[in-house]
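**Q** Next input, structure requested:
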Amino acid sequence: MSSPSAKALETFPNSAAQRDFHVHMEIPEFTCLCPKTGQPDFATLFLDYIPEKTCVELKSLKLYIWSFRDQGCFHEDVTNRILDDLVRATRPRFMRLTARFNVRGGIFTHVVVEHRKKGWKPAPLVDLVEFSPQAANRG
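**A** Coordinates of the predicted model:
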C-alpha cells in the first residue's frame, strides 16, 4: 500500500527561538527519476538548519520528499528546489541541504546548497570533547 505524496510542508512553532540550535536530519530514501533515461536515482539527503520562529514537521517532510519519486530531475535542480521550498516554509536563520546521490554512470554526485538569513551571524563554534567511560579510564 503506498502513501500519498504531498507538496505541503508543515511547520510548528520553535519553542526555543531565543537561541541558535542546530537541527540535523538524515533522509536516506530520496528517489527521483533521471530526466534523460527515466531510470531511478537514489540519494541520501542531509538537512542541517538553525530555526528561527518555526521548525519543519517530520511527517510532512517525509511526504514532501516522497513527492519526487516519479519526477524527472537533474541532481543540481532538485537539491536547489528542495532547499528553496524548505526555506520558504520555515524561514530559518541558516539552512544547508547536502544531497549525496548514488553512483550513476560511474560518477557519484554530491550537491550542497545553503541559505543564510540576511544579517544573521553564527555564534563562534565551541568544540567539546566527547566524554566516554573508556576515555575516563585512560587518564
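**Q** Going by C-alpha atoms from here, please, whenever you check contacts or count neighbours.
**A** Fine.
**Q** Report the separation between residue 111 and residue 78.
**A** To residue 78, residue 111 is 10 Å away according to Cα to Cα, to the nearest Å.
**Q** contact partners of the top helix by length along the chain?
**A** Longest helix in the chain, counting residues (DSSP state H): helix 75-90. For helix 75-90, contacts defined as Cα atoms under 8 Å, 6 or more residues apart in numbering pick out 9-11, 51-56, 95-99, 101, 109, 111-115.
**Q** Please apply the same query to stretch 30-38.
**A** 39-45, 65-66, 68-74.
**Q** now, among these, which is nearest to residue 127?
**A** residue 45 (24.9 Å; Cα to Cα).
**Q** Going along the chain from the longest helix of the chain, find the next helix or strand for me.
**A** strand 94-104 (DSSP states H and E).
**Q** Show me what counts as buried in that next one.
**A** Using 16 or more other Cα atoms under 10 Å as the test for burial, strand 94-104 gives 94-101.
**Q** just stretch 44-58 next, same as before
**A** Here stretch 44-58 shows 44-56 as buried, counting by 16+ other Cα under 10 Å.
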